[in-house]
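>>> Got a sequence here, can you model it:
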Amino acid sequence: MKHFPRLLLVSMVLASAAAFAAPFEGKVNFKMTSGAGQPQEMIYNIKGGKIRLEMPGQKSVGMILDPANKETIMIMEEQKMYMTMAIPDAAPSAEGDKASDVKLEKTGETEKILGHTATKYISTHEGTTTELWLAEGLGMFAAFNNANPMGGRGQRGGQASTDWARLLAGKELFPLRVVGKDKSGKESFRMETTAINEQSLPDSMFAPPPGYQKMDMGGMMKGIMPKMRR
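Predicted coordinates for the structure are as follows:
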């Protein structure tokens, strides 16, 4: 379960839109690089408004986002268990206030990326710049918090990468390329779409596998808290 804590944090701050418009069904593959880290792959499986997120190399844990039911499902394959968590409604926060000055400007530049027309947008925040190439027709993109695989605070350029993701919440704009630059203009983060495959996906991919036991997170925390007080 070594990858569970990070994906748990990711799931708790996914975009809080109540519904996803989902004209697209299939898989979207991304390659991400941030700072001095190794490139990381991320796969979005999309169907009927639901998303299953996969991180190759972390196959012991899967994550399903179900906005219609306002819940996230974490699947732990090695333990044959799963747990559900509510997607919180969007609410003002200190962090949100700090990000309120983030700007997203549309340019007139377009480019064909893997057969989809993407429009270039520029996001700026506290001296950092992020170039976003956004396409319509692929649904909405789930935004992450600072503890996400796309980068976060503590990583060079991470703040810019999380801010642009929050700007996309509720918008039918899907990123096909994202390039973050620090205050010196040096590239600090890049996310590239490497494949878009429109295909039929089984409903079973977006639900806990039969026979998996549901984890009682409340009971687990009750057991952990007394030990922490010792």
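>>> partners of the closest residue to residue 180 other than its chain neighbours in the sheet?
Distances taken as C-beta to C-beta, 6 or more residues apart in numbering place residue 189 nearest to residue 180, at 3.5 Å, with adjacent residues excluded. The way it works is simple: take the backbone N, C-alpha and C, and place the C-beta from them, glycine included. Per DSSP bridges, residues listed as beta-bridge partners of residue 189: residue 34, residue 180.
>>> ok, how many other residues are close to residue 189?
Counted with other C-beta atoms under 10 Å, the neighbours of residue 189 add up to 26.
>>> mind checking pLDDT for it?
Looking at residue 189, its pLDDT is 88.
>>> next one: the one 5 residues further on
At residue 194 the predicted local distance difference test score is 96.
>>> That one contacts residue 31, doesn't it?
Yes: in this structure, residue 194 is within contact of residue 31 by C-beta atoms under 8 Å, at 5.2 Å.
>>> coming back round to it: against residue 34, how distant is the residue nearest to residue 180?
The gap separating residue 189 from residue 34 is 5 Å, by C-beta to C-beta, to the nearest Å.
>>> what's the answer for residue 81, then?
Taken as C-beta to C-beta, the span from residue 81 to residue 34 is 30 Å.
>>> Between the two, point out the one with more neighbours.
Of the pair residue 81 and residue 34, residue 34 is the one with more neighbours under other C-beta under 10 Å, namely 22 against 15.
>>> Only alpha carbons, please: show stretch 125-133 as CSV.
Provided in CSV are the C-alpha atoms of stretch 125-133 (Å, rounded to 0.1, in the frame of the first residue of the first chain):
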residue,chain,number,x,y,z
HIS,A,125,0.4,33.7,-11.4
GLU,A,126,3.0,35.4,-9.2
GLY,A,127,5.5,35.7,-12.0
THR,A,128,5.1,32.1,-13.3
THR,A,129,3.6,31.4,-16.8
THR,A,130,1.8,28.2,-18.0
GLU,A,131,1.0,27.6,-21.6
LEU,A,132,-2.1,25.4,-22.1
TRP,A,133,-3.3,23.8,-25.3
